[in-house]
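Q: Show me the folded form of this:
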Amino acid sequence: MDLTSARTRTRPAGRHDSRGPGRAPHRSAPPTGGRSRLPRYWFAERLLSVLSGTRPVHWMLGHTIGDAYEQLIRLAPGAPLATNGLRPVVRHCDEYVPRPGVIEAFARIGAGDRVRAMAFRLEQGPDLRWRCAAVELGGERLTVGS
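A: Numbers count the residues shown, from 1 in each chain. Sure, this is the predicted structure:
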C-alpha cells in the first residue's frame, strides 16, 4: 500500500493537508510581552471599560490607590468615554517613566472617526503590583470635588 493513498483515504473530504487523524498542526507558543501584557495597556483597557459604562466602578477596586478610585466613582455615572453605538477601543498607549516604579501613561481612545485622549499614572507597590493613582481625560484633570 502506498503511503500517499493511505493519507488520501483517511482525511476528510475537502482537506488538502498531509496531517493524519488526531494530529493537530504545529503551533508556536504565543509571543510573550504582547501589548495586553504591558501594565499601561492593561490599565488603559480597564479604565476605558469603566469610563465608557461597560463595566462597574468596583471592577477597579484593588487596582487603584489614593484619589483615583474616588475620581472613578465620580466620573463613571457620566460615562465620559461612551459613544453612540460604537464600541470605543484603545488605539495606542505609550508611557513615560519618570523614575522606577512609576509610569505616566497616555492613550488614544477611538470610536469611529472620533479620538479622545486619556492619561493616567501607575505606581508599583511593595508587592510589585501596579495600581492606578490618577486619571485625566482630554487635558482636564479629574479631581475629587471639582
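Q: use CA for all of it now, contacts and neighbours both
A: Will do.
Q: Can you give me the buried ones in the top helix by length along the chain?
A: When the chain is parsed with DSSP state H, its longest helix is helix 39-51. Buried residues in helix 39-51, counted by 16 or more other C-alpha atoms under 10 Å: 39, 40, 41, 43, 44, 45, 46, 47, 48, 49, 50, 51.
Q: quick one: contacts for the last one?
A: I take that to be residue 51. If you count contacts by C-alpha atoms under 8 Å, 6 or more residues apart in numbering, residue 51 has them with 72, 75, 76, 79, 80, 81, 82.
Q: On the C-terminal side of the longest helix of the chain, identify the next helix or strand.
A: As assigned by DSSP states H and E, the chain's next helix or strand after helix 39-51 is helix 68-75.
Q: before we move on, the earlier item: adding pLDDT, write the buried residues of helix 39-51 out as TSV.
A: Listed next are these as TSV, based on pLDDT from 0 to 100:
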residue	pLDDT
39	96
40	97
41	96
43	97
44	97
45	96
46	96
47	97
48	96
49	96
50	96
51	95
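Q: how about the strands in the protein?
A: Ranges of strands within the chain are 89-99, 102-111, 114-124, 130-137, 140-141, based on DSSP state E.
Q: Return the closest of the contacts of residue 51 with respect to residue 117.
A: Distance to residue 117 across the contacts of residue 51 (C-alpha to C-alpha) is lowest for residue 81, with 9.6 Å.
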